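Peer 1: let's see this in three dimensions:
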Amino acid sequence: MRSFRLTEQEMNDLADKYPTPFLVASLDKIEENYDFLQRNLPRVHVFYAMKSNPAEPVVQKMASLGACFDVASAGEMECLHKMGIDGSRMIYANPVKTQQGLQLAARYGVNRFTFDDVSEIDKMAAAVPGADVLVRIRVVNEKALVNLNAKFGVDPSEALSLLQQAEKAGLHAKGICFHVGSQSLAAEAYEEALLVCRRLFDEAEALGMPLTMLDIGGGFPIPSADGLPVDVAGMMQAIGRQLDRLFPETEIWAEPGRFMCGTAVNLVTSVIGTKHRAGQTWYVLDEGLYGTFSGVIFDHWTFELESFKHGKKRSATFVGPSCDSIDFVRRDVMMPELQLGDRLLVPNCGAYTSASATTFNGFAMAPFLIWEEEKPTQQHVYKVASAVS
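Peer 2: The predicted structure follows:
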């Protein structure tokens, strides 16, 4: 799987125009990722997970490609509404919904919901009577970077009872959803979850409650600093075969986020200070854990740090610019000797990075450049969209 990656010359040309740190996104790469998923999972309807990267150019690109959207809050619905994206293209996929979120869903025509507890049923039925609902089940996957099933999903044995109660409350029980976890490295987790879902579909049919929709979540992986130890096309095709075998007539959804935008963004950051601790060199960068590197904490991500310098490599530690002692980007990285002002390229940082960045200590969030507008002569900078929870 190929990632968008600036050359040394391209990085330096941009850094001569814009002060670091800054992010560079390729909308062509996002389209390439979308097409890749559609080729390898042709039956899947894409609901882009906004939480991964809500920057307006990214969202508008996904919308232009025909994607729908997985939203988790009133703020995300509001962002989409302001961009002219209709509520019929959204699914309110947070299993626990706020009153504000439900009110906006009713106002904007969002009519699809997921849930995993009986306490949500009356809330949904009161706010959006007759809405379509999918129950989220818990699945097991030890080969995912982020385990989403520790917090979300009902035991499969309770799923149909919840759907029946939803029907009695005036909602429309439409299907099952699951999420195997973020950055999943095995098709087996999806295949096993699909077997569970097939059994639930059959049991629902026997109860006189036929289900027509299946949401397989996200979790498709991208390269990290350690590479990508799985054939993503082969992984998707294996999932597709299982879908065709078990659900030939069912409408299939997925909620990719990282896969769509993760490989489409580069960070350019500079060395602004050096320290020497216990015989090792530390480099202070102008971007840290409270900025784009927030993914170290919130996404358990290991970022690749690329220097275009040559020379003998030594173990070094990289820290951010804030006055917080936890602001470590990476430890023990083999790197040539760097000087103040040297620039680093950080690829594959389009997901769960700027989305969770802050302005802690007064450091501004890294601006967002669009590569296709920078390549020729245009020089437009976009601010990262921020959702109001």
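Peer 1: now the strands for the stretch 251-389 of the chain?
Peer 2: For the stretch 251-389 of the chain, the strands identified by DSSP state E, counting those that start in this stretch occupy 251-254, 265-277, 280-285, 313-319, 328-336, 343-346, 368-370, 381-382, in order along the chain.
Peer 1: the longest one: which residues count as buried?
Peer 2: Neighbour-count burial for strand 265-277 flags 265-272 (criterion: 16 or more other C-beta atoms under 10 Å). For every residue, glycine as well, the C-beta is placed using N, CA and C.
Peer 1: that one pairs with which strands, parallel or anti?
Peer 2: Using DSSP bridges, the strands paired with strand 265-277 in its sheet are strand 22-25 (antiparallel), strand 280-285 (antiparallel), strand 343-346 (antiparallel).
Peer 1: can you tell me what sits against it?
Peer 2: For strand 265-277, the surrounding residues in contact (C-beta atoms under 8 Å, 6 or more residues apart in numbering) are 4-6, 11, 14-15, 20-26, 53, 281-287, 292, 317, 321, 338-350, 353-354, 366.
Peer 1: filter those residues to the buried ones?
Peer 2: When neighbours are counted using 16+ other C-beta under 10 Å, the contacts of strand 265-277 contain these buried positions: 4-6, 11, 14-15, 20-26, 53, 281-287, 292, 317, 321, 338, 342-350, 353-354, 366.
Peer 1: okay, now Ala63: neighbour count?
Peer 2: Using other C-beta atoms under 10 Å, Ala63 has 18 neighbouring residues.
Peer 1: same question for the one 5 residues further on.
Peer 2: The criterion is other C-beta under 10 Å. On that basis, Cys68 has 21 neighbouring residues.
Peer 1: wait, it sits on Val46?
Peer 2: Yes. Taking C-beta atoms under 8 Å as the contact criterion, Cys68 and Val46 are neighbours in contact, 6.7 Å apart.
Peer 1: make JSON lines out of the strands of the stretch 251-389 of the chain and add mean pLDDT and distance to Ile239.
Peer 2: Rendered in JSON lines, the data for the strands of the stretch 251-389 of the chain read as follows (pLDDT from 0 to 100; distance: least, C-beta to C-beta, whole Å):
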{"stretch": "strand 251-254", "mean pLDDT": "98", "distance to Ile239": "9"}
{"stretch": "strand 265-277", "mean pLDDT": "97", "distance to Ile239": "26"}
{"stretch": "strand 280-285", "mean pLDDT": "97", "distance to Ile239": "38"}
{"stretch": "strand 313-319", "mean pLDDT": "97", "distance to Ile239": "37"}
{"stretch": "strand 328-336", "mean pLDDT": "96", "distance to Ile239": "32"}
{"stretch": "strand 343-346", "mean pLDDT": "98", "distance to Ile239": "30"}
{"stretch": "strand 368-370", "mean pLDDT": "97", "distance to Ile239": "32"}
{"stretch": "strand 381-382", "mean pLDDT": "50", "distance to Ile239": "34"}
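Peer 1: between these, which one is closest to Glu188.
Peer 2: Using C-beta to C-beta as the criterion, the shortest distance between Glu188 and the strands of the stretch 251-389 of the chain is 17.1 Å, found for strand 251-254.
Peer 1: that closest one: how far from the chain's middle?
Peer 2: Per C-alpha atoms, centre = their mean, to the nearest Å, the displacement of strand 251-254 from the mean C-alpha position of its chain is 17 Å.
Peer 1: reformat the strands paired with strand 265-277 as JSON lines; add distance to Phe178.
Peer 2: Written out in JSON lines, the entries for these read as follows (distance: least, C-beta to C-beta, whole Å):
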{"stretch": "strand 22-25", "distance to Phe178": "30"}
{"stretch": "strand 280-285", "distance to Phe178": "38"}
{"stretch": "strand 343-346", "distance to Phe178": "32"}
